[in-house]
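Trainee: Mind looking at a prediction? Sequence and model below.
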Protein chains: 2
Amino acid sequence: MAYKSPVRDLTFILNDVLEVERYANHLEGADLSRDLIDQVLEEGGKFADEVIAPINRTGDQEGCKIDGDVVTTPKGWKEAYHQMVEAGWTSLAFDPKYGGQGLPAIVSMAVGQFTAGASAAFSMYPGLTAGAFHGIEASASDEIKDKYLPKMATGEWTGTMNLTEPQCGTDLGMVRTKAVPNGDGSYSITGQKIWISAGEHDFADNIIHTVLARVEGAVPGIKGLSLFVVPKFLVNEDGSIGERNGVQCAGLEHKMGIHGNATCVMAYEGAKGWLIGEEGRGMNNMFVVMNEARLGTGLQGLAIGDAAYQAAVEFANDRLQGRALTGPKNPEGPADPIMVHPDVRRMLLEAKAFVEGGRAFILWTALQADLQKSSDEATAAKAQDYMGLITPVLKAYLTDKGFHAASLAMQVHGGSGYTEHFPASQYLRDARITMIYEGTNGIQALDLVGRKLPAKGGRAIMSWFADIGAFVSENGGNETTQPFVDGLADAKKKLQEATMWLMQNGMQNPDNAGAASTDYLNIFGLTGLAYLWAQMAVTAQKAVDGGSTDPFYSAKLQTGRYFVERILPDAEAHLKKLKTGADVLMQMPAEAF
Amino acid sequence: MAYKSPVRDLTFILNDVLEVERYANHLEGADLSRDLIDQVLEEGGKFADEVIAPINRTGDQEGCKIDGDVVTTPKGWKEAYHQMVEAGWTSLAFDPKYGGQGLPAIVSMAVGQFTAGASAAFSMYPGLTAGAFHGIEASASDEIKDKYLPKMATGEWTGTMNLTEPQCGTDLGMVRTKAVPNGDGSYSITGQKIWISAGEHDFADNIIHTVLARVEGAVPGIKGLSLFVVPKFLVNEDGSIGERNGVQCAGLEHKMGIHGNATCVMAYEGAKGWLIGEEGRGMNNMFVVMNEARLGTGLQGLAIGDAAYQAAVEFANDRLQGRALTGPKNPEGPADPIMVHPDVRRMLLEAKAFVEGGRAFILWTALQADLQKSSDEATAAKAQDYMGLITPVLKAYLTDKGFHAASLAMQVHGGSGYTEHFPASQYLRDARITMIYEGTNGIQALDLVGRKLPAKGGRAIMSWFADIGAFVSENGGNETTQPFVDGLADAKKKLQEATMWLMQNGMQNPDNAGAASTDYLNIFGLTGLAYLWAQMAVTAQKAVDGGSTDPFYSAKLQTGRYFVERILPDAEAHLKKLKTGADVLMQMPAEAF
């Protein structure tokens, strides 16, 4: 039942499918050689498997505890975190200027998947630190950066993001937390924040909160918000830790899952904070971080789905029950392993085809995150367009389907899966939050159709269609991979049709866009997976044609075939639903629900 | 956040759609008048809302406790059960010969939905008693029936079903529990049973276990199994309670949900038991009960979905967040209720259209359960065919979609839904087991295509197609209801196509049947809902045409329209997947997963 990081699959995607080595010249000569990637992923996987995975279940069972405002994480978590910091796994992606290792996003995302698969709740501590780090890095003054970032880069200090309040989650324009200037450049922050992941814990000497608040007298709504850095302990001039700041954990949320993550109610009572960037630009500054956090959440959904799938495969091979429909496969035993049953295999392949396709799609996107920084302007602009367009798709699609994979994994377990003696329940409970936090999946869909799609005259989606079109015309004609290319072409056609429908109907009535948004996002997700599955199939087939007998490649082609034949047909149903428009949703009076 | 039993919707289905009064002559003149149905449902709903619903959440939080072999249910549960017994709600469906009220299944199923919606975990105590009662009633000697059934009918004693053992759930042929004849007509039962719902508790003076065991020396496999009645306390000749029998609760399962249900490990150590029916006929005797339990589980999935939906509607009307895409709808308030958003309405209507359609479908099936006993042979035979065919469909489809509805309900809640302060988490956790117990949904699908469909030369499915065909040709031509009739005709066509594919491909290779089974079951479920939605639409439209301005009817038509436009399109995707056959599932080597 031990989780195993999918190292082989990730090196295949990075080295063979995406051939990331080709992009080194775009990334200031970053080392993207096979050797380096193989080595980092091998070691990262080993660390996740050996140090993090073993504390996942006990963390779920034990949870976090609060006494006064002191939060204790589950047994062994602090030690595992310290090992992680010492081995340098928390600093991979940070700028070397602050002591980070400066590795490309594509490498740190790959390793991040191992961590999240080993323990989603545990991965939130370094995850939130990265969010806070990048928020400060993007907009704060050099003084603030120099004060906080080096210790956050090493992981000695951790970070948080404080947005939500009881009266507002999605609609942050209603934030009430107040900031009053102290006259010395600092502000006095007062208010309550809820659902603050890693808000308080016993991992680190200091916790650096980034907090959305309204400066006294600022306009109501989004435009009156500013972003602040509020350390748990004030930091002296010499970098040493000073007095305790006026921020406390006022309680822990009682949640369905991710019990090892300390989800805190945070009380700010005249806490000292310093502005990150300009007054009134809080949301803009926060958005930098939120996009990163959304991608991280998509990765989490995928990784939990993978871990759940792995547990289900093990169960399906171990559990003896019934006989194969075509006659005993384990005649010496009392029954056959349930792996012999077509419907058990259907559930496993449904999860596997999603996990492998989604993994390639999110790594492809991580490559765009790196290419945003290319010195070649056209490359950078296109990568930036893609990041905007695809981030909401990945967040929602990978978490919806990651949860579905976890549910399939439980189903394979039968009754055992519903008991807490097996890991299936934790995966299902942990996966469910990924559909909600960092913007519910409905909000992602609305962001996609309302904001990202029409941005810059639809430039991003036009690149997307052009790139897919080029791939299709370049890769036809091979007998084995033709179904993948055809499937992709068909998915693209449906996405184009859906886009056209949105242009014609969403402008005149925005409710049509809202009504179509989730189906649109699903067609987009399916097209993205079809694109990556086609690329993987072509790569695998080349290896086979080149004489490789490695079963990895034939399994890859078979799994991809499942995707094309048994997942892709959903696109048509989504298109049909999308075209029904808003009337059927909006005509019902609220009181008739 | 209070659960409200859907009384109005059920009286509509029973009185207006199914017009059950017409069938009184088939049921030995049972009273199926509007007056009686209205009254029973009104009172049953009131009892569920006022007595059972309030203890549901506390039951989840508190759970059952074990001390030695004494199991204590959550606070207030025992008292609620006693009130239920006193008010006669546990005895509705039982034969008056044993003190039951002899009401038709269609009435007791309607009331059962209220109980399950109010508290799924609580409903299992009377639910299992009914299972054990009917198992004894169907096959035991008069002596046994007279000894146990009267006190079970009143609810003074409860019952259980003991099938599963650690090494076998689905594959009961591997049962090891032994029965050794004592020479006095009784047997000595020894073995361990697991996942025994209501196996031990503090509701009743005695618990009557029905137990699957193998008589010493009997053949291995299914055919060597016999069914026994094993009371917790032996019952004296005069009906009084005698000495403690050798059966004990050895532990409680730690489960993801239904915490109020005592799910027990039961240890039998030389417990005295008596044969129910003949030796070696245990599985046949158990099947009578299992079919009933499957229908009950489908009802539970549906009812939890309904309760979750209700909580989501309340949240969507209360929670102020953001503004409508078409401009403020609550301009005086700080934000609009999230009910204004198309995607929130999509989630709610997805749940509502399923719940109302599924409810009608299971009540239609309950009517078949009653008609099985018709004195008219043709009516009885057809009803019996339908029960066989449709039971696995309802069990799997209503629980899959009930869980989906609970997940949508959580999504409407956003972050709040993931915390245990709102009921969404409990509904999601409780709903998940219904897809697993009483035979996993994959087993239901296999039962459908492998056993029920080909039974008697496919007579049942041919009746189904004929009945739907007749409905379609009788009900065309009305502008408002035509889309319902067309949707039904199209679904039927797809089900026929899928049936044909199964006949052509499932015989030659049984793996094709297994590979197609879940998609086939889904097309069947969609067709069933389309059939009932069309009937409801025709009935509602008649009321509207008759001058009714009751908003109930327009809401019914609008909800139905959602089903036709936004749920029914899934049938085509399922058909496409079904036709891909078994190869894509079976070619992958087990070690390549």
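Mentor: Now that the structure is in, tell me what you want to look at.

Trainee: For the longest strand along chain A, enumerate the helices and strands it packs against.
Mentor: With DSSP state E applied, the strand covering the greatest number of residues in chain A is identified as strand A:263-276. Under the contact definition 3 or more Cβ pairs under 8 Å, 6 or more residues apart in numbering or on different chains; DSSP states H and E, strand A:263-276 sits against helix A:120-139, strand A:187-197, strand A:206-215, strand A:225-231, strand A:247-252. For the C-beta atoms, the positions are set from N, CA and C on the backbone; glycine is no exception.

Trainee: Mind giving me the packing neighbours of the second one?
Mentor: By that I understand strand A:187-197. Counting by 3+ Cβ pairs under 8 Å, 6+ apart, strand A:187-197 packs on strand A:157-162, strand A:178-181, strand A:206-215, strand A:225-231, strand A:263-276.

Trainee: most tightly surrounded among these?
Mentor: Neighbour counts (mean count of other Cβ atoms under 10 Å in any protein chain shown) averaged over each of the helices and strands packed on strand A:187-197 peak at strand A:157-162, with a mean of 27.

Trainee: how about that one, does it reach chain B?
Mentor: No - Strand A:157-162 is not in contact with chain B by Cβ under 8 Å from any Cβ of the partner chain; minimum separation 13.7 Å.

Trainee: And residue A:1, what's its pLDDT?
Mentor: Residue A:1 is assigned 60 on the pLDDT scale.

Trainee: Including mean pLDDT and distance to residue A:453, could the helices and strands packed on strand A:263-276 go into TSV?
Mentor: Formatted as TSV, the helices and strands packed on strand A:263-276 follow (pLDDT from 0 to 100; distance: least, Cβ to Cβ, whole Å):
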stretch	mean pLDDT	distance to residue A:453
helix A:120-139	97	25
strand A:187-197	98	29
strand A:206-215	98	27
strand A:225-231	98	26
strand A:247-252	98	39
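
Trainee: Quick check: the gap between the residue in the stretch 1-150 of chain A that chain B sits nearest to and residue A:55.
Mentor: Going by Cβ to the nearest Cβ, chain B is nearest to residue A:61 of the stretch 1-150 of chain A, at 9.2 Å. Distance, residue A:61 to residue A:55, by Cβ to Cβ, to the nearest Å: 11 Å.

Trainee: repeat for residue A:585
Mentor: Distance of residue A:585 to residue A:55, computed by Cβ to Cβ: 45 Å.

Trainee: same question, residue A:132
Mentor: 23 Å.

Trainee: Can you name the residues that contact residue A:145?
Mentor: A:98, A:136, A:137 (Cβ atoms under 8 Å, 6 or more residues apart in numbering or on different chains).

Trainee: For the first one, give me its contacts.
Mentor: Residue A:98 makes contact with A:137, A:145, A:149, A:150, A:152, A:153 under the criterion Cβ under 8 Å, 6+ apart.

Trainee: can you pick the most crowded of the residues you listed?
Mentor: residue A:152 (29 neighbours; other Cβ atoms under 10 Å in any protein chain shown).

Trainee: just to revisit the earlier point, using a markdown table, lay out the helices and strands packed on strand A:263-276 together with distance to residue B:515.
Mentor: Listed next are the helices and strands packed on strand A:263-276 as a markdown table, based on distance: least, Cβ to Cβ, whole Å:
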| stretch | distance to residue B:515 |
| --- | --- |
| helix A:120-139 | 32 |
| strand A:187-197 | 42 |
| strand A:206-215 | 51 |
| strand A:225-231 | 54 |
| strand A:247-252 | 46 |
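
Trainee: how about the residues of the stretch 401-550 of chain A near chain B?
Mentor: A:403, A:407, A:410-411, A:414-415, A:417-421, A:425, A:428-429, A:432-433, A:435-437, A:440-442, A:445-446, A:509-511, A:513-515, A:517-518.

Trainee: ok, residue A:585 - contacts?
Mentor: A:511, A:515, B:342, B:345, B:346, B:349, B:562 are the contacts of residue A:585 under Cβ under 8 Å, 6+ apart.

Trainee: So the last one is in contact with residue B:347, correct?
Mentor: Pointing back at residue B:562 there. No - at 11.3 Å, residue B:562 does not count as touching residue B:347 under the criterion of Cβ atoms under 8 Å.

Trainee: what about these two, which has more around it?
Mentor: Each of residue B:562 and residue B:347 has its neighbours counted (other Cβ under 10 Å); residue B:562 has more, 26 against 23.

Trainee: what sits up against the strand or helix carrying the more buried one?
Mentor: Assigned by DSSP states H and E, residue B:562 belongs to helix B:551-562. Applying Cβ under 8 Å, 6+ apart, the external contacts of helix B:551-562 come out as A:584-585, A:587-589, A:592, B:8, B:12, B:349-350, B:352-353, B:356-357, B:480, B:483-484, B:533, B:536-537, B:540-541, B:543-544.

Trainee: from the residues you listed, which would you call buried?
Mentor: A:584-585, A:588, B:12, B:349-350, B:352-353, B:356-357, B:483-484, B:533, B:536-537, B:540-541, B:543 (16 or more other Cβ atoms under 10 Å in any protein chain shown).

Trainee: Pull up the gap between residue A:397 and chain B, please.
Mentor: 14 Å (Cβ to the nearest Cβ, to the nearest Å).

Trainee: picking up where we left off before, which among the helices and strands packed on strand A:187-197 is found nearest to residue A:197?
Mentor: For the helices and strands packed on strand A:187-197, the distance to residue A:197 is smallest for strand A:263-276, at 5.7 Å, taking Cβ to Cβ.
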